[in-house]
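Novice: Predicted coordinates and the sequence they were generated for:
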Amino acid sequence: MMIILFNQSPSSSSSSMITTGSARALCLAFSIAVFLSPALWNGFAIVFFDTGGYVGRVLDMTLAPGRSLFYGLFLWITSLGWWSFWGPVLTQSLFTLWVIRLTLRCHDLPAGPLATASFCGGLGLLTGISWYTSQLMPDTLVSLVVLGLWLLGFRWEKLGRSERAGLAALVLLGLLSHMSCMALAIGLIIIILVARIVLRGRNWPLSVFSLPPVAVVAASLLFMPMLHLALVGKATYTPGGPVFVFGRLVQDGLAQRWLGEHCPVPGVKLCGLQDRIPKTADDFLWGNTSPFQDIGGWSGTADTELGHLVNECIRTYPAAFIWTSLRATAQQMARVATGDGLDEYQPTARAVFTDLLPRTAGSFNTARQQQGQITQPLFDALNTVHVPIAHLSVMGLLIVVGWGLRARRHDLAGLAFFTLLALLGNAFICGALSNPHDRYQSRLAWLATLVVGMATMCWWQQRTKKNI
């Protein structure tokens, strides 16, 4: 990929003066340095509370709620068998750089080394993208799945054979790496199919190729249980869905309300633990003294009870459930701050990287993050830029839709609308079906900034041509 990443294409019109290999290598190095900058400053890849769980899936070859075995395998392969964790973040950075370049080229925008590096530098400065490419988490793959499905579904004819195969493989990796990513992809597939039906037979300059993205998503739905069966002996998906939904019901008070009105109920252990149910989802799911731990915790034995309670709460309070879901979705749309949870102590990751993987103990423990030097004031400073840019970019998507239709750039109008729907879908999945957190939305926020930047470049090109 590094060899072909910055090859000029027939549609590439920028950076024509950059013809030497050294200049291209310089632009490539700059872009990668942007995406790796938090890890380079930290001295080690950035870790999150969940990171140790992904590594642990491979070490134990077991399934755990919300921790994909496949992303753990990605970490194992790209780290060369846990040899160096610079491998995963470098690979994620290359993936991101490649998809950004493809997106530019497939929309007939300058996609040469200088133009691509400029976009990467701008995104690194204005958004939190680098904190996800530098992090040992599948979050960065979620945004790449969105762009990948768009390119496979709406710019198929612009892609070469190897590019199509590479995008399909990358999207498949993202879908296998997190169930929320798979849920979002299913929603986007519905949008692609609706677009194909609506645009069929119409003289619309935007073609829809539904088969490639549908095939990739269908493959993920088929492969996950099959591969789980082969690897761990269980033909199932990554567990954890009902638990997270119940956590959101706890935070909104619906769970406590149902238990208070219906207990005692045979088989519902939480009836005897009502007085200990906390007020927030995080305290319920992760607190050491939470009654969730008393009924089985993350071992899976609580799933049946919590799934039953989720269904009962929805059936008993449908209007309240809809209202709280909409409210959580809106809250999630607004929560786009960079750094959610990265300044906190990471006990699971510390145990994995020091005890189970002693090779990494030295570099892990001396990293700034483990030394407490990644602090909330650092992210507060970054978010004076990142948060308003994210909000303005989301609003800008609506402007791009209108401008694109008037300027006959239907491809950019479609991309902006597709991105907006992806952001809304992600907000619903992570906010209404789990619990609003900044991390869930900020990992996608840079997409809006990218699309607005692309539209701005196109507008400037058109204006320049008119003035010549």
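Specialist: Cool, got the structure. Numbers count the residues shown, from 1 in each chain.
Novice: ok, for the most centrally placed residue in the chain, nearest residue in space, not its chain neighbours?
Specialist: Geometric centre of the chain, nearest residue: Val142, 2.8 Å, by C-alpha atoms, centre = their mean. Once flanking residues are discounted, Val142 sits nearest to Cys181: 5.0 Å by C-beta to C-beta, 6 or more residues apart in numbering. Backbone N, C-alpha and C define where each C-beta goes, glycine included.
Novice: just to revisit the earlier point, so what's the residue nearest to the centre of the chain up against?
Specialist: 174, 178, 180-181, 184, 426, 443-444 (C-beta atoms under 8 Å, 6 or more residues apart in numbering).
Novice: OK, contacts around the closest residue in space to Cys430 that isn't next to it in sequence?
Specialist: Distance criterion C-beta to C-beta, 6+ apart; nearest residue to Cys430, sequence neighbours excluded, is Tyr440 at 3.7 Å. Taking C-beta under 8 Å, 6+ apart, we find Tyr440 in contact with 180, 332, 335, 426-427, 430-431, 434.
Novice: And for Leu309?
Specialist: 246, 249, 255, 258-259, 268, 270.
Novice: related to what we said a few turns ago, possible to save the contacts of Val142 as JSON lines with secondary structure and distance to Val34?
Specialist: Below are these laid out as JSON lines (DSSP: H, G, I helix; E, B strand; the rest coil; distance: C-beta to C-beta, whole Å):
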{"residue": "Gly174", "secondary structure": "helix", "distance to Val34": "21"}
{"residue": "His178", "secondary structure": "coil", "distance to Val34": "24"}
{"residue": "Ser180", "secondary structure": "helix", "distance to Val34": "26"}
{"residue": "Cys181", "secondary structure": "helix", "distance to Val34": "24"}
{"residue": "Leu184", "secondary structure": "helix", "distance to Val34": "26"}
{"residue": "Asn426", "secondary structure": "helix", "distance to Val34": "24"}
{"residue": "Arg443", "secondary structure": "helix", "distance to Val34": "17"}
{"residue": "Leu444", "secondary structure": "helix", "distance to Val34": "18"}
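Novice: Generate a PyMOL selection restricted to the buried entries among those.
Specialist: In PyMOL, this line selects whichever of the contacts of Val142 come out buried by 16 or more other C-beta atoms under 10 Å:
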select buried, resi 174+178+180+181+184+426+443+444
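Novice: Would you reformat the contacts of Val142 as a markdown table and include distance to Gly372 and pLDDT?
Specialist: Below are the contacts of Val142 laid out as a markdown table (distance: C-beta to C-beta, whole Å; pLDDT from 0 to 100):
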| residue | distance to Gly372 | pLDDT |
| --- | --- | --- |
| Gly174 | 32 | 97 |
| His178 | 28 | 91 |
| Ser180 | 30 | 91 |
| Cys181 | 31 | 94 |
| Leu184 | 34 | 97 |
| Asn426 | 31 | 97 |
| Arg443 | 24 | 97 |
| Leu444 | 29 | 97 |
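Novice: Among the contacts of Val142, which one sits closest to Tyr345?
Specialist: Lowest distance from Tyr345 to the contacts of Val142 (C-beta to C-beta) belongs to Arg443, with 21.7 Å.
Novice: okay but the closest one is in contact with Ser143, surely?
Specialist: Yes. Between Arg443 and Ser143 there is a contact under C-beta atoms under 8 Å: 6.3 Å.
Novice: hey, what's in contact with both of the two?
Specialist: Tyr132.
Novice: Now tell me which helix or strand of this protein has the poorest mean pLDDT.
Specialist: Within the chain, confidence by mean pLDDT, DSSP states H and E is lowest for helix 347-350 among all helices and strands, at a mean of 81.
Novice: same for that helix, what does it pack against?
Specialist: Here helix 347-350 touches helix 51-60, going by 3 or more C-beta pairs under 8 Å, 6 or more residues apart in numbering; DSSP states H and E.
Novice: Name the residues of the helix it packs on that are buried.
Specialist: 51-58.
Novice: With stretch 32-48 instead?
Specialist: Those would be 32-39, 42, 44-48, for stretch 32-48 by 16+ other C-beta under 10 Å.
Novice: Of these, just say which sits nearest to Arg155.
Specialist: Nearest to Arg155 among the buried residues of stretch 32-48, with distances taken as C-beta to C-beta, is Phe35, at 23.0 Å.
Novice: Using CSV, write down the CA coordinates of stretch 74-89.
Specialist: Coordinates of each C-alpha in stretch 74-89 appear next as CSV, following Å, rounded to 0.1, in the frame of the first residue of the first chain:
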residue,chain,number,x,y,z
PHE,A,74,-5.8,-7.5,14.1
LEU,A,75,-3.7,-6.2,17.0
TRP,A,76,-1.8,-9.5,17.3
ILE,A,77,-1.0,-9.6,13.5
THR,A,78,0.0,-6.0,13.1
SER,A,79,2.1,-6.0,16.3
LEU,A,80,3.9,-9.1,14.9
GLY,A,81,2.7,-11.3,17.7
TRP,A,82,2.8,-8.6,20.4
TRP,A,83,6.3,-7.6,19.4
SER,A,84,5.6,-3.9,18.9
PHE,A,85,2.3,-2.0,19.3
TRP,A,86,3.5,0.7,16.9
GLY,A,87,2.4,-1.7,14.1
PRO,A,88,-1.4,-1.4,14.8
VAL,A,89,-1.4,2.4,15.0
